[in-house]
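> Any chance you can model this:
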Amino acid sequence: MTTNEKKVFHPTLGICTITEYDRKSDRITMISLDGNQSVIPYKNMDKAGVREIMDIATARLILDRIFHPAIHADYGKELSELLKMRNYSNIDMNALVDVYIYLMNWKYAERKCGMKNQECLERIQERLCDELAFVLDVGKEQLIAHLIACYENLA
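Next comes the predicted model:
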């Protein structure tokens, strides 16, 4: 059994600390920031959507992209397929950011509403801003408030 204090991102639990790696059973134990514990087989980490936390440079690029959106009129069929998803663990970070930008523009700049898109926005925002706030060491609520103000000014 090995103890490792490595930080990872779990799509359901958010930011987690790997507290234990049991080589005998090939399982990893992780604890989320709010205290929830999960044990998963090491070989299933990718399938479960567990990945290393993004680095600071990546977080800054994503934040810059979100704060300075290149709003496209049509994201096409790919976006509508992404909006139907319940779990965003296996999609590319760039696609996730595109969906987030689209939904922020949809809600705050275009002043539209709809339960399905609102739920999608909340799910993505919860996890994306959770990780960005952690990596950049800023307050999550403050980050979300700045994002909302940015998109309301686009109206």
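> rest of the way, CA atoms for contacts and neighbours
Noted.
> what distance separates the lengthiest helix in the chain from the centre of its chain?
Counting by DSSP state H, the longest helix found in the chain is helix 115-136. Averaging C-alpha positions (Cα atoms, centre = their mean, to the nearest Å) puts helix 115-136 6 Å from its chain's average.
> And the contacts of that helix?
Residues from elsewhere that reach helix 115-136, judged by Cα atoms under 8 Å, 6 or more residues apart in numbering: 9, 11, 14-15, 53-56, 59-60, 63, 83, 86, 88, 96, 100, 103-104, 107, 139-140, 143-144.
> Make sure I have this right: Y21 is in a strand.
Yes - Y21 forms part of a strand when assessed by DSSP: H, G, I helix; E, B strand; the rest coil.
> partner residues bridging it?
T2, I28 (DSSP bridges).
> Distance of it relative to Y108?
From Y21 over to Y108 the distance is 44 Å, taken as Cα to Cα, to the nearest Å.
> C-terminal to the helix or strand of the chain at the bottom of the mean pLDDT ranking, which secondary structure element comes first?
When each helix and strand of the chain is scored by mean pLDDT, DSSP states H and E, helix 77-84 comes last, with a mean of 67. Under the assignment DSSP states H and E, the closest C-terminal helix or strand after helix 77-84 is helix 93-104.
> Against which helices or strands is that next one packed?
The elements that helix 93-104 packs onto, with contact taken as 3 or more Cα pairs under 8 Å, 6 or more residues apart in numbering; DSSP states H and E, are helix 56-67, helix 77-84, helix 115-136.
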